[in-house]
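A.B. asks: Structure for this input, please:
(2 chains)
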Protein chains: 2
Amino acid sequence: MNNNMEKCNCLVAQSGGPTAAINASLAGIIKAALANEKIDTIYGAVNGIKGFIEKKILNLTEMFEGQPEKLETLATTPAMFLGSCRYRLAPMEKDLEDYNAIFGLFQIYNIKYFLYIGGNDSMDTVAKLSLYAKTHNYDIKIMGVPKTIDNDLDCTDHTPGFGSAAKYIASSILEVAHDAYIYNVESVSIVEIMGRNVGWLTAAAALARNEYSTAPHLIYLPEKAFDQEKFIRDVKEMLTHRKHVIVAISEGLHDENGKYISADSSQVDNFGHVMLNGAGKHLEMLVTERIGCKVRSIELNVLQRCAGHCASKADIDESVALGEFAVKAVTEGETDKMVIIKRTSSTPYASEFELASIHEIANKEKRVPLEWINEEGNDILQPLVDYIAPLVEGEVATEYKNGLPVYLPVDHLFK
Amino acid sequence: MNNNMEKCNCLVAQSGGPTAAINASLAGIIKAALANEKIDTIYGAVNGIKGFIEKKILNLTEMFEGQPEKLETLATTPAMFLGSCRYRLAPMEKDLEDYNAIFGLFQIYNIKYFLYIGGNDSMDTVAKLSLYAKTHNYDIKIMGVPKTIDNDLDCTDHTPGFGSAAKYIASSILEVAHDAYIYNVESVSIVEIMGRNVGWLTAAAALARNEYSTAPHLIYLPEKAFDQEKFIRDVKEMLTHRKHVIVAISEGLHDENGKYISADSSQVDNFGHVMLNGAGKHLEMLVTERIGCKVRSIELNVLQRCAGHCASKADIDESVALGEFAVKAVTEGETDKMVIIKRTSSTPYASEFELASIHEIANKEKRVPLEWINEEGNDILQPLVDYIAPLVEGEVATEYKNGLPVYLPVDHLFK
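C.D. replies: Below is the predicted model:
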């Protein structure tokens, strides 16, 4: 710890679920903070705000100063270099214990800038800490930096991490289609995609369509109620036109009463537990029962959020720049806000960064507008494709060693 | 169809399951056949020997002559450009119908060379057609070209396609580990890998280990009987050393009586059908019940065999060269054989190609030697790592357009 008290220190932490781009924002923050004359030491809290309370703190200045190539590897390393937490601060009128611990440590470490990279829950933490600081006249600038593959944060055009996940999903659907096309038999392939309440990621499957392949042939988002009878009719109708039907579905499909189709209490395992099969597996069984053709369900699972080797360059570059912008904002005195992306042009795609009040964002969820979904609820419309397309552009030059991607070691997370 | 009858024609077909490298062997065959003065037209049967019987025949000379860049795209396109079939010829003493059709078409199309790219079943077809030709003094040279992600063909050091699948599996395990490490809670991640009877692909997970990550921490191959009680003990023991346990398992795990752990007739779905959950899902539920920590199962599914964007350059290059070698062999008069890969040096890796009698190969299955698996049956040993390592080396320069991999159109498969 540098004892030059004229300058002050900066804290950064990550929270929520992994993405392929959250470390790119971290790299941007470290790069900008190292170059900023108002900042002395950059600290990183391990495992988010919860880890900070537990004093799990790394000196990122020591780890990265004078090593630009290490920062580049950080930017293309998936998941979270600093680790995550799922932790919600109590409202300060209810319990001050965490606030006392956090602001006590801010003082001990002379932290005047705190950047929190995360999703909805992390923005809630930013809002609560900002409110506490304001109420107690504590001099600290707090800024949220968005990330989530789900793309469900309000105010921002899109979220860092979404583009890379979208690229992985579309590439995988294209490859699954190539895989399915080889057999001269009727088949249905159901690909289950993340997004419990919002269909942005499932919609990204549509980018797999090209001049020879129209897969996915059906797309179901959770924004519209799902009707299993209609689904079977859709698949049957599609099978009258083609042998191979590829279907993209959201993990969060539910009926008009909000009941998830993935959970069915009549299915129990050996231990008498409700089977937690996903929506894909459920529909696989339904197609087997009702149509009887070859059917397969594929769950993209965590791979869609951690596939660093398939990251979108547009996403990674923008995430780095957004991190840099966040450092500029706090050192210019901005606080209680989140940095956001504003699309200034669609063709060609161009964006700029702005600030939004954190209270506009926290705990809100941005869903796919219904006007971007077709009437039948089994496909998406062109404006949604046009919205996602620029975000998957470009490939990251992943370094390989012994045939495997080279990522930054994260053994500090489990030591 | 070229009518120059002084030369003769060549037929190529593909069969079995998809790989990321089977089109590389096809590209090698087309490239060598285009350059070979003994060969006039190159025909491709769509959907294997079954499609040939149905006269689904493409003129590959017309499609590829003078277009080397198109051949390069073919070499890195996953799955099967010519489509597949799962079709077993009856022994000729039982039923001659297929033989009559096939040899009739050989005559009509003046085919003197037939190259069949595939796995075990395809080699059975090569053996049967060779026997028929020999018995009937029919002048045709027939050659098998191996491919299978499973690496279960006898005689050859390894099979084309295995290296690319191994690279995808190891890369995915590394990324899943990064994903798992971020949470500061005990967790078990179970990754289910293809290979019903052989554990070569599951063993490839070990390549994910590096200087900071020892994942996968447990590896179970189907070559050793699987004991669920021992598995629970292994996981518990591992959790005393580390928070995050990553387990690689084969889809084909079975107990000492040969009963697959994935099938359990006590589990039925809504329709009263046996639940076809995989081994991973089953063990996920077992860990939930018996250990109670956070647990997740991930099925790599078909992505491991069709991920062209993550292919091994060593695999693709070798597969192209093996295809070229097969053309050289048949035009020099070789028949009734399969081209094989012989490892001539381990460090550095070097190989050469040879021919093996098809009867040595067909219907045999190469399993992982027990001496390459540890005593406890929960990990593999260094010689197996050393065997796989060179096969995943190098990255293919996949072309991208609009952020997605560019593959060769396959719409002839479903027109």
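A.B. asks: Return the set of buried residues in the helix or strand of chain A with the lowest mean pLDDT.
C.D. replies: Among the helices and strands of chain A, helix A:358-361 carries the lowest confidence by mean pLDDT, DSSP states H and E, at a mean of 82. Judged by neighbour count (16 or more other C-beta atoms under 10 Å in any protein chain shown), helix A:358-361 contains these buried residues: A:358-359, A:361. Just so you know, the C-beta spots here come from the backbone N, C-alpha and C atoms, and that holds for glycine as well.
A.B. asks: Can you add distance to chain B and give those residues back as CSV?
C.D. replies: Converted to CSV, the buried residues of helix A:358-361 look like this (distance: C-beta to the nearest C-beta, whole Å):
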residue, distance to chain B
A:358, 23
A:359, 28
A:361, 23
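A.B. asks: if we can go back for a sec, ok, then the element right after the least confident helix or strand of chain A?
C.D. replies: In the C-terminal direction, the helix or strand that comes right after helix A:358-361 (DSSP states H and E) is helix A:382-388.
A.B. asks: Would you tell me what the next helix or strand after that next one is?
C.D. replies: strand A:400-401.
A.B. asks: picking that back up, quick check: of the buried residues of helix A:358-361, which lies closest to residue A:302?
C.D. replies: Nearest to residue A:302 among those, counting by C-beta to C-beta, is residue A:361 at 25.6 Å.
A.B. asks: correct me, but the closest one touches residue A:148?
C.D. replies: No: under the contact definition of C-beta atoms under 8 Å, residue A:361 does not touch residue A:148, with a separation of 11.7 Å.
A.B. asks: what about the helix or strand that residue A:127 is a member of and chain B, touching?
C.D. replies: In this structure, residue A:127 is located in helix A:120-135 according to DSSP H and E. No: shown here: helix A:120-135 not in contact with chain B (C-beta under 8 Å from any C-beta of the partner chain), separated by at least 13.4 Å.
A.B. asks: What average pLDDT does that helix get?
C.D. replies: Helix A:120-135 shows a mean pLDDT of 93.
A.B. asks: And for it, what's in contact with it?
C.D. replies: A:15-16, A:48-49, A:86-89, A:91-92, A:99, A:102-103, A:114, A:116, A:118, A:138-140, A:142-144, A:146, A:148, A:152-153, A:335-336, A:338, A:358-359, A:361-365 (C-beta atoms under 8 Å, 6 or more residues apart in numbering or on different chains).
A.B. asks: Just those: which are in strands?
C.D. replies: For the contacts of helix A:120-135, the ones inside strands are A:114, A:116, A:118, A:142-144, A:146, A:338, with DSSP state E as the criterion.
A.B. asks: what's the farthest-apart pair in these?
C.D. replies: A:114 and A:146 (15.4 Å).
A.B. asks: who's more crowded, those two?
C.D. replies: Looking at residue A:114 and residue A:146 with other C-beta atoms under 10 Å in any protein chain shown, you find the greater number of neighbours at residue A:146, namely 32 against 28.
A.B. asks: That one reaches residue A:153, doesn't it?
C.D. replies: Yes: the pair residue A:146 / residue A:153 is scored as a contact, 5.1 Å apart, by C-beta under 8 Å.
A.B. asks: okay, and the common contacts of the two?
C.D. replies: Overlap between the contact sets of residue A:146 and residue A:153, as judged by C-beta under 8 Å, 6+ apart, is given by A:119, A:123, A:159, A:338.
A.B. asks: what residues are up against residue A:397?
C.D. replies: Not one residue lies near residue A:397 by C-beta under 8 Å, 6+ apart.
A.B. asks: The helix or strand where residue A:323 lies packs against which elements?
C.D. replies: Element membership for residue A:323 (DSSP H and E) is helix A:313-331. The contact analysis (3 or more C-beta pairs under 8 Å, 6 or more residues apart in numbering or on different chains; DSSP states H and E) places helix A:313-331 against helix A:22-35, helix A:68-75, strand A:111-118, strand A:141-146, helix A:162-181, strand A:337-345, strand A:350-357.
A.B. asks: How many neighbouring residues does residue A:209 have?
C.D. replies: When counting by other C-beta under 10 Å, one arrives at 18 neighbours for residue A:209.
A.B. asks: List the contacts of it.
C.D. replies: A:215-216.
A.B. asks: Just the pLDDT for it.
C.D. replies: The score at residue A:209 is 98. That number is its pLDDT.
A.B. asks: How about residue A:337?
C.D. replies: Among the per-residue scores, residue A:337 shows a pLDDT of 96.
A.B. asks: how close does it get to residue A:358?
C.D. replies: Using C-beta to C-beta, to the nearest Å, we find residue A:337 at a distance of 6 Å from residue A:358.
A.B. asks: where do the contact lists of the two overlap?
C.D. replies: residue A:144.
A.B. asks: what's near enough to touch the residue of the stretch 1-150 of chain A found nearest chain B?
C.D. replies: With C-beta to the nearest C-beta, the shortest gap between the stretch 1-150 of chain A and chain B falls at residue A:79, namely 3.9 Å. Shown in contact with residue A:79 (C-beta under 8 Å, 6+ apart): A:18-19, A:22-23, A:306, A:410, B:175, B:178-179, B:181-182.
A.B. asks: May I see these arranged in CSV, with neighbour count and pLDDT as well?
C.D. replies: As requested, those are arranged in CSV below (neighbours: other C-beta atoms under 10 Å in any protein chain shown; pLDDT from 0 to 100):
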residue, neighbour count, pLDDT
A:18, 27, 95
A:19, 34, 96
A:22, 35, 96
A:23, 34, 98
A:306, 29, 94
A:410, 21, 96
B:175, 27, 97
B:178, 27, 97
B:179, 26, 97
B:181, 28, 97
B:182, 28, 96
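A.B. asks: So which of those is the closest to residue B:289?
C.D. replies: Taking these together and measuring to residue B:289 by C-beta to C-beta, the closest member is residue B:179, at 23.7 Å.
A.B. asks: residues contacting the closest one?
C.D. replies: A:18, A:78-79, A:302, A:305-306, B:189 are the contacts of residue B:179 under C-beta under 8 Å, 6+ apart.
A.B. asks: what's the closest non-adjacent residue to it?
C.D. replies: For residue B:179, ignoring the flanking residues on the chain, the nearest one in space by C-beta to C-beta, 6 or more residues apart in numbering or on different chains is residue A:306 at 4.0 Å.
A.B. asks: can you list the domain ranges for chain A.
C.D. replies: Per automatic domain parsing, the domain ranges recorded for chain A read A:8-148+A:307-363+A:396-413, A:162-306.
A.B. asks: quick revisit: in this structure the residue nearest to residue B:179 contacts residue B:173, no?
C.D. replies: No: under the criterion of C-beta under 8 Å, residue A:306 is not in contact with residue B:173, lying 10.9 Å apart.
A.B. asks: burial measure for residue A:229, as a count.
C.D. replies: Per other C-beta under 10 Å, the neighbour tally for residue A:229 reads 9.
A.B. asks: Ok, residue A:239 next?
C.D. replies: Neighbours of residue A:239 using other C-beta under 10 Å come to 17.
A.B. asks: now it: how far from residue B:407?
C.D. replies: From residue A:239 to residue B:407 the distance is 24 Å (C-beta to C-beta).
A.B. asks: The helix or strand containing residue A:204: what's the following helix or strand?
C.D. replies: Secondary-structure element containing residue A:204, defined by DSSP H and E: helix A:200-204. From helix A:200-204 onward toward the C-terminus, using DSSP H and E, the following helix or strand is strand A:218-220.
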